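**Student:** Here is a sequence together with a model predicted from it:
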Amino acid sequence: MEHSTEKHMEDQPGHTYDFKILGRVYASLLFLAALMVGFFLLPIQRLPIDWLDLLLVKRLLILGCSLVMAAIVAGFLMGLKYEKSKLNSVIFFTNFAFLFVFLVFTLADVACRGIIDPSFMQQINWKSPVHIDSTADSTPTPIP
């Protein structure tokens, strides 16, 4: 009877997963999600490091964790690891290359705006449009 079950599994399209593999994938995704939250909650303002932009390092670490999570999801849960044709894998990971290019140019633009054109920083109005009147009574008046 076991032989017929194996034959039946071979006739079905796709592939099956062992519960150990699914458990490892689930545990690794939970670990990476916890790691991302841990990186987000790091109090980097307290560190006395001036020569390195720690906020950028923090963002890159979080982005790296999310890319590893995406690779795990693509490999195991989307089945790209078990495909014989590598075309779908190439297309999938090419998307990350384009995402990297877009992020690099965007971060370079945001980081170097004031360096390249110092008058640009003077054009931005950094004052908030919200004005709070501190002399007004803070208790709300009831509506009749």
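**Tutor:** Cool, got the structure.
**Student:** on contacts alone, who are the packing partners of the lengthiest helix in the chain?
**Tutor:** The helix that spans the most residues within the chain, counting by DSSP state H, is helix 87-111. Using 3 or more CB pairs under 8 Å, 6 or more residues apart in numbering; DSSP states H and E as the contact criterion, the neighbours of helix 87-111 among helices and strands are helix 54-72. Every C-beta, even on glycine, is put in place using the N, C-alpha and C of the backbone.
**Student:** per the record, what domains does this structure have?
**Tutor:** Domain assignment for the chain by automatic domain parsing gives 15-82, 90-115.
**Student:** Pull up the gap between residue 32 and residue 23, please.
**Tutor:** Between residue 32 and residue 23 the computed distance is 15 Å (CB to CB, to the nearest Å).
**Student:** okay, these two: which has more neighbours?
**Tutor:** When neighbours are counted by other CB atoms under 10 Å, residue 32 and residue 23 differ, and residue 32 comes out ahead with 17 against 11.
**Student:** Please name the nearest non-neighbouring residue to the residue most central in space within the chain.
**Tutor:** When the chain is reduced to its mean C-alpha position, the closest residue under CA atoms, centre = their mean turns out to be residue 66, at 4.0 Å. Distances taken as CB to CB, 6 or more residues apart in numbering put residue 36 closest to residue 66, at 6.6 Å, once the chain neighbours are dropped.
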